[in-house]
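Q: Provided below are the primary sequence and the corresponding predicted coordinates.
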Amino acid sequence: MQLAPSMLRLINEFSKLPTIGPKTAQRLAFYILKTSKNEVSRLSDSLLEVKEKVKYCQICFNISEEDVCPICKDTRRDSSLICVVEQPFDVIVIEKLATYKGLYHVLLGNISPLEGVGPEELKIKELLERLKGKEAKEVIIATNSDVQGETTAIYLHKLIQPLRIYVSRIAYGIPVGGNLEYTDEVTLTKAIEGRRAM
Amino acid sequence: MFIENLKIRSFCNLKDLNLKFNPNLNVFSGNNAQGKTNIIEAIYYLNKSKSFRKKKDQDLIQWNKNIFFLKGDIVNNNDIHQISILFQDFKKEIKINNKKITKQNQVFNLFHCVIFSPKDLHILDKDPTIRRYFINLLISQINEKYLYHLKKYHKTLLSRNKILIDKRSFFKKDKILESLDNILVKEGVEVIKIRNEVINELNKIVSGFYKEILPTKDLFEVKYKPFIFSDNLEKEFYDKLYKYKEYELRRGFTLVGPHKDDLIFSFKGVNIGNFGSRGQKKMAAIAIRFGELYYIYKKTEKFPILLLDDMFSELDQEKKRNFTRLLNNQIQMFITTTNLEFLRNMGFANYSFFSVKDGDVLKNEEKR
């Protein structure tokens, strides 16, 4: 049986979303069909609302509904400390800790030559401008530990060093609660490399 | 440690088989092109998830079928572990005791295998790629750290080559290259250090074995030929990268690094790969595989399973005897041969003889 064209279109749109395969897309489409019109219009409104209202913060490029995000506006936060991350999602992860009181800078990606992403596609120029503002004393680079993340970290280090700002890299190693016995060799080596004085 | 049984489904030309193996010696005899080597291939694949003949996984599926499946029980002292591999839709799913695994090393923790095949001659006389493949496979089975550094090195290398060939703006290119060089050197030096250590150990074992198979006083050696060798590897690597940079930018790929390293095999100081006779090469290849066998034994304290694919065809009687003397009854062996008589006369205490015909395998003699 051929589905109604409008249904096919909806299924097609759903299946473009990440982690959604053709079967799930179909299930979602039939769910929408069953749902009341009010409910559906709330969903479609919220989709559009996100697109209209959410933009990138002009300072740190985190997502925000205002020109400057609440974190950058917050005067209680330590403006001498900037944590550089790859994606807005990473900010949420670190914010959950509630222990970090500095500011952020979101690069919106990493240097990935294989995918043709160079530094000019990232918010690196903006970061350097920000650092010239003299307030920042330390930059914490919290990019991932894969080759792209590492390349980005070293690249940033090379650019920031001449500005006489302290650059640090987050430590990688054994998870808290992890037992040394069960840690694999590679992680343990990383942890020993990143050891600190007590 | 040994494989107790093996279930084979739509693999190469083999019929659907359930084989029970001898813990010591298993001999497969039959005419050419009947499927003897495919049995060896199945055991090798169960261990490494790779074909030893460098065949694509897809090509191991039987004609007209769309999956293949292998399942074997590995006995370690009193433990039995079941390993299975299902290949389907260009993907393989490996399970240990019915649980899906993600790292090949989990299989290596259970057992290893070493293969002797006529193609081993290529290690000596073909291009360095084959020698690097040999040494990389050997080390990464035993040393997880090596695999990590090697993978990271290769990823960085790919990125670096991409930048070198990119014809876009130049100022930034330099800065990215510098950043990538940092990682390349760090990972590359780790790779070289581990290779150095392993090849030194391997050399000691290999040169000993060469003397045993071919009674001689002259020295057979395996030497690592890295592209840098000073006391300060990092500095030398950076210097080389700096020196070749202009040239690399023109050519569009990385010209220096451990991905260009080589192994040299020499007898009385002469490179066998270039100047050795076919017989010398054959002896050398056997010695190298013995080196692999005993290196793995030294590191894991367990003998790997030994796969001998058509080993004896080119050896004279004396060398055959010397060779079999070196095998011991703690090793489980799988041998393919067209000539059963020789092995029959060797007086093994435990054995199973199988005959292979047209993809079917029959056990026709057993002594335990």
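A: Thanks, I have the structure now. Numbers count the residues shown, from 1 in each chain, chains lettered A, B, ... in the order given.
Q: Next one: residue B:52 from residue A:107, what distance?
A: Taking CB to CB, to the nearest Å as the measure, residue B:52 falls 45 Å from residue A:107. For every residue, glycine as well, the C-beta is placed using N, CA and C.
Q: Kindly report the same for residue A:115.
A: For residue A:115, the distance to residue A:107 equals 14 Å [CB to CB].
Q: Give the partner strands of the strand ranked longest in chain A in its sheet and their orientations.
A: Criterion DSSP state E: the longest strand present in chain A is strand A:78-85. Applying DSSP bridges, strand A:78-85 is found paired with strand A:102-106 (parallel), strand A:138-141 (parallel).
Q: Close to chain B: what parts of chain A are there?
A: Contact residues, chain A versus chain B (CB under 8 Å from any CB of the partner chain): A:111-114, A:118-120, A:146-148, A:150-152, A:154-155, A:158-159, A:184-186, A:189.
Q: tell me the secondary structure for residue A:46?
A: At residue A:46, secondary structure determined by DSSP: H, G, I helix; E, B strand; the rest coil is helix.
Q: What's the local residue count around it?
A: When neighbours are defined as other CB atoms under 10 Å in any protein chain shown, residue A:46 has 10 of them.
Q: what about the helix or strand containing residue B:299 and chain A, any contact?
A: Element membership for residue B:299, per DSSP states H and E: helix B:278-300. No - applying CB under 8 Å from any CB, one finds helix B:278-300 out of contact with chain A, separated by at least 13.5 Å.
Q: Going toward the C-terminus from that helix, what's the next helix or strand?
A: As assigned by DSSP H and E, the chain's next helix or strand after helix B:278-300 is strand B:305-309.
Q: Could I get the average pLDDT for that following strand?
A: In this model, strand B:305-309 carries a mean pLDDT of 92.
Q: list the contacts for the residue nearest to residue B:125 when sequence neighbours are not counted?
A: Among residues not flanking residue B:125 along the chain, residue B:273 sits closest, at 5.0 Å (CB to CB, 6 or more residues apart in numbering or on different chains). The contact partners of residue B:273, by CB atoms under 8 Å, 6 or more residues apart in numbering or on different chains, come to B:124, B:125, B:264, B:265, B:281.
Q: Tell me the most packed of those, by neighbour count.
A: Going by other CB under 10 Å, residue B:265 tops the contacts of residue B:273 with 27 neighbours.
Q: Need the three-state assignment for that residue.
A: When classified by three-state DSSP, residue B:265 comes out as strand.
Q: In space, what's closest to it - neighbours in sequence excluded?
A: Excluding the flanking residues, the one nearest residue B:265 by CB to CB, 6+ apart is residue B:272, at 4.8 Å.
Q: packing partners for the biggest helix by length in chain B?
A: As assigned by DSSP state H, the longest helix anywhere in chain B is helix B:170-213. Where contact means 3 or more CB pairs under 8 Å, 6 or more residues apart in numbering or on different chains; DSSP states H and E, helix B:170-213 is packed against helix A:147-160, helix B:128-142, helix B:144-165, strand B:220-225, helix B:233-251, helix B:278-300, helix B:317-326.
Q: So what's the gap between the second one and the chain middle?
A: Centroid separation between helix B:128-142 and its chain, computed with CA atoms, centre = their mean, to the nearest Å, is 7 Å.
Q: List the buried residues in the longest strand of chain A.
A: Neighbour counts over strand A:78-85 (16 or more other CB atoms under 10 Å in any protein chain shown) mark A:81, A:82, A:83, A:84, A:85 as buried.
Q: Please save the CA atoms from it in PDB.
A: Output of strand A:78-85 as PDB, limited to C-alpha atoms (Å, rounded to 0.1, in the frame of the first residue of the first chain):
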ATOM      1  CA  ASP A  78      35.700  35.100  37.500                       C
ATOM      2  CA  SER A  79      36.500  36.900  34.300                       C
ATOM      3  CA  SER A  80      40.200  36.200  34.500                       C
ATOM      4  CA  LEU A  81      39.500  32.500  33.700                       C
ATOM      5  CA  ILE A  82      38.300  31.300  30.300                       C
ATOM      6  CA  CYS A  83      37.600  27.700  29.500                       C
ATOM      7  CA  VAL A  84      37.700  26.800  25.800                       C
ATOM      8  CA  VAL A  85      35.400  24.000  24.600                       C
END
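Q: what's the angle from it to helix A:147-160?
A: Using axes from the mean of the first three to the mean of the last three CA atoms, to 10 degrees, the inter-axis angle of strand A:78-85 relative to helix A:147-160 is 140 degrees.
Q: model confidence over strand A:78-85, on average?
A: Mean pLDDT, computed over strand A:78-85, is 91.
Q: Let me see the residues that make contact with that strand.
A: Residues outside strand A:78-85 that contact it (CB under 8 Å, 6+ apart): A:91, A:94, A:100-107, A:127, A:130-131, A:135-143, A:156.
Q: Can you select the buried ones from those in PyMOL?
A: With 16+ other CB under 10 Å as the criterion, this PyMOL line picks the buried residues out of those:
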select buried, chain A and resi 91+94+100+102+103+104+105+106+107+127+130+131+136+139+140+141+142+143+156
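Q: ok, residue 180 - contacts?
A: Looking at chain A here, since you left the chain open. Each residue near residue A:180 by CB under 8 Å, 6+ apart is listed here: A:174, A:188.
Q: Chain B was what I was after
A: Applying CB under 8 Å, 6+ apart to residue B:180 gives the contacts A:113, A:151, B:156, B:159, B:160, B:163.
Q: Adding neighbour count, pLDDT and distance to residue B:97, write those out as TSV.
A: Output for those, formatted as TSV (neighbours: other CB atoms under 10 Å in any protein chain shown; pLDDT from 0 to 100; distance: CB to CB, whole Å):
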residue	neighbour count	pLDDT	distance to residue B:97
A:113	24	86	41
A:151	27	92	40
B:156	27	93	36
B:159	24	91	38
B:160	25	91	41
B:163	24	87	45
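Q: of those residues, closest to residue B:21?
A: Comparing the contacts of residue B:180 against residue B:21 with CB to CB places residue B:156 closest, at 43.2 Å.
Q: Let me know the secondary structure of residue 75.
A: You didn't pick a chain, so chain A it is. Residue A:75 carries the three-state label coil when classified by three-state DSSP.
Q: actually chain B
A: In three-state terms, and counting by three-state DSSP, residue B:75 is strand.
Q: what's the residue nearest to it when sequence neighbours are not counted in contact with, if anything?
A: Closest residue to residue B:75 apart from its sequence neighbours, by CB to CB, 6+ apart: residue B:4 at 5.1 Å. Shown in contact with residue B:4 (CB under 8 Å, 6+ apart): B:20, B:21, B:23, B:72, B:73, B:74, B:75, B:80.
Q: With that, I have no additional questions.
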